[in-house]
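> what would the 3D arrangement of this be:
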Amino acid sequence: MNILVQKFGGSSMATPALRAQVIEHIKEAEAAGYRVVVVVSAMGRAGEPYATDTLLQLVDYGKGMDPRDVDLLLSCGEVISASVLVCELVKAGQRAAVLTGGQAGILTDDAHGSARIIEVRPDRVLQYLSRGIIPVVAGFQGRTRDGDITTLGRGSSDTSAVALGVALRAEMVEIYTDVDGVMTADPRVEPNARRLDTVTYREIAEMAHLGAKVIHPRAVEIAMEGHIPLRIRATGSKSPGTLVQGAASQVEIRSDRVVTGIAHVGGMVQIQLETAADFNRSDLGLAIFQGLANAGISLDMIYVSPNRIAFIIEHRWAKQAEDVLRSFPVKVQVQPGMAKVSAVGAGMRGVPGVMARVVFALQQAGVTIYQTTDSHANISCLVREKDVEAAVHALHTEFQLGEGQT
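Residues are numbered from 1 along each chain as shown. Model (predicted):
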């Protein structure tokens, strides 16, 4: 059985006209000989009746509620979306049936709001496929072994689709969204951004973690572990989009291109801690990191030296972090209005001079670097949020990523 999983985001499901395009994609896949499994997100964006944020607003973002009960509410958005699509598929002459994430066999732990998939048992999905029925699965959700409904975290319908694809041994998972694949930079910031025909798992995972919103990072990790190719496409477009996979024989060789794309994320706050004591020779550093962890605050771009610690956090955690740090004998400097801009590319590993090019480009653009981190596949620079556009454009140009550049 040749199985194709197609995932459609909330923007693809928002109106009858857009859902008609979704149905055309499903029909095209069936005409090509595939048995299709569809995974959907809640319809629309914040403010629209069944969007996740709208449901959260109904209960004041769950303040005081048991997380189990919040998950039960939030799961409704995807169930409504799946039900509406099935209704329209049936009207279009297709046989289709709705499944919740749990009914589709997605089993999770009990971490409500951010559950992790521990197993997928797709027996019911396979039964529908064998009878010529299109299973339309509510994404973003699963169930515990005790039967409680869980949600997997924001943007995780991608994860639902890829996990099902791996369990079903599908030939591919197609992720349909409102952009035409993976771009070399955010086209709203960099007008010369272009679509990438192919990209590796590692590159797209780095870009997703570093701010690119095209796919959920966990979905890429599961695809990489399961060796299943992904295709990221725009709903309603005939463009092939971007192919994501890891086999060297099938991924474009770009030996002369060390950087694949530029990602960015704003709304960050830099926190610097200074002390006359030695963080390494006392328990002070450990106590600070443990205190922030106990408060549920995630840190990024972490720098530690004997007398200084620096890191960045999301703006929403700034006051809470200051409250935690107030109890420690350190000088605290808080710098809001920061952003992280990253050059991403699997080809940079072992290549000398990449950092020099990054510094040169930003210096020429008048962009100040406040902190850096790197890995084998990215170099990230902390800059002022007001300088993001200049930084992205400078790096995009320096590494010749735009249309017509070679």
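> in what helix or strand does Val38 lie?
strand 35-40 (DSSP states H and E).
> which strands or helices does that strand pack on?
Applying 3 or more C-beta pairs under 8 Å, 6 or more residues apart in numbering; DSSP states H and E, one finds that strand 35-40 makes contact with strand 3-8, helix 16-31, helix 67-91, helix 123-130, strand 134-138, helix 157-168. Yep, even glycine has a C-beta here, placed from its N, CA and C like the rest.
> how about residues contacting the following helix or strand past that strand?
Going down the chain from strand 35-40, the next helix or strand is helix 52-58, by DSSP H and E. Contacts to helix 52-58, defined as C-beta atoms under 8 Å, 6 or more residues apart in numbering, come from residues 42, 45-48, 62, 70, 73-74, 76-77, 140, 154.
> closest to Arg194 out of the residues you listed?
Arg194 lies nearest to Arg45 out of those, by C-beta to C-beta, at 25.9 Å.
> got a list of what the closest one touches?
Counted by C-beta under 8 Å, 6+ apart, Arg45 has contacts Gly10, Ser11, Ala14, Ala51, Asp53.
> mind listing what the residue of the chain positioned farthest from its centre touches?
Most distant residue from the mean C-alpha position of the chain: Ala276, 40.2 Å away (C-alpha atoms, centre = their mean). Each residue near Ala276 by C-beta under 8 Å, 6+ apart is listed here: Asn307.
> angles on the backbone of it, please.
Phi and psi for Ala276, reported as degrees, to the nearest 10, are phi -80, psi -20.
> gap between stretch 383-390 and the chain center?
22 Å (C-alpha atoms, centre = their mean, to the nearest Å).
> picking that back up, by neighbour count, sort out the buried ones in the contacts of helix 52-58.
Among these, the ones that count as buried by 16 or more other C-beta atoms under 10 Å are Ala42, Gly62, Val70, Leu73, Leu74, Cys76, Gly77, Phe140.
> now Ala390: which helix or strand?
Applying DSSP H and E, one finds Ala390 within helix 388-398.
> now the helices for the stretch 251-400 of the chain?
Secondary structure of the stretch 251-400 of the chain (DSSP state H, counting those that start in this stretch): helices located at 284-294, 318-325, 354-364, 388-398.
> the second one: how far from the chain's middle?
The chain centre lies 27 Å from the centre of helix 318-325; the measure is C-alpha atoms, centre = their mean.
> same question for the third one.
In terms of C-alpha atoms, centre = their mean, the centre of helix 354-364 is set 27 Å apart from its chain centre.
> what is that helix packed up against?
Against helix 354-364 (3+ C-beta pairs under 8 Å, 6+ apart) you get strand 378-384, helix 388-398.
> in it, which residues are buried?
So, applying 16+ other C-beta under 10 Å, buried residues of helix 354-364: Val354, Arg357, Val358, Ala361, Leu362.
> give me the contacts around it.
258-259, 343, 348, 368-369, 372, 374, 379, 381, 383, 391, 394-395, 397-399.
> filter these down to the buried ones, PyMOL style.
This is the PyMOL syntax for the buried subset of these, where burial follows 16+ other C-beta under 10 Å:
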select buried, resi 258+259+343+348+372+379+381+383+391+394+395+397+398+399
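> quick one: low-confidence ranges for the stretch 101-250 of the chain?
Along the stretch 101-250 of the chain, the parts satisfying pLDDT under 70 run over 247-250.
> in it, which spans are helices?
123-130, 157-168, 201-209, 217-226.
> right, so the ones you listed: which one is the most enclosed?
helix 157-168 (a mean of 28; mean count of other C-beta atoms under 10 Å).
> for burial, what's the neighbour tally of the spatially closest residue to Thr150 that is not a sequence neighbour?
Of all residues not flanking Thr150 in the chain, Ala115 sits nearest, at 3.8 Å (C-beta to C-beta, 6 or more residues apart in numbering). Number of residues near Ala115 (other C-beta atoms under 10 Å) recorded here: 25.
> over to Ser114?
For Ser114, using other C-beta under 10 Å, the count is 14.
> assess the claim that it and Leu152 are in contact.
Yes. With contact defined as C-beta atoms under 8 Å, Ser114 reaches Leu152; the gap is 7.1 Å.
> could I get the helices of the stretch 251-400 of the chain as a markdown table with mean pLDDT and distance to Arg169?
Putting these into a markdown table (pLDDT from 0 to 100; distance: least, C-beta to C-beta, whole Å) gives the following:
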| stretch | mean pLDDT | distance to Arg169 |
| --- | --- | --- |
| helix 284-294 | 95 | 39 |
| helix 318-325 | 96 | 44 |
| helix 354-364 | 97 | 38 |
| helix 388-398 | 98 | 38 |
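> distance to Thr100 added to those, as CSV?
What follows is the helices of the stretch 251-400 of the chain, written out as CSV (distance: least, C-beta to C-beta, whole Å):
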stretch, distance to Thr100
helix 284-294, 34
helix 318-325, 35
helix 354-364, 46
helix 388-398, 40
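> out of these, which comes closest to Ile204?
The nearest among the helices of the stretch 251-400 of the chain, by C-beta to C-beta, is helix 388-398 at 17.4 Å.
> residues contacting that closest one, please?
184-186, 189-190, 192-193, 259, 262, 264, 266, 339, 341, 343, 357-358, 360-362, 364-367, 381, 383, 402, 405.
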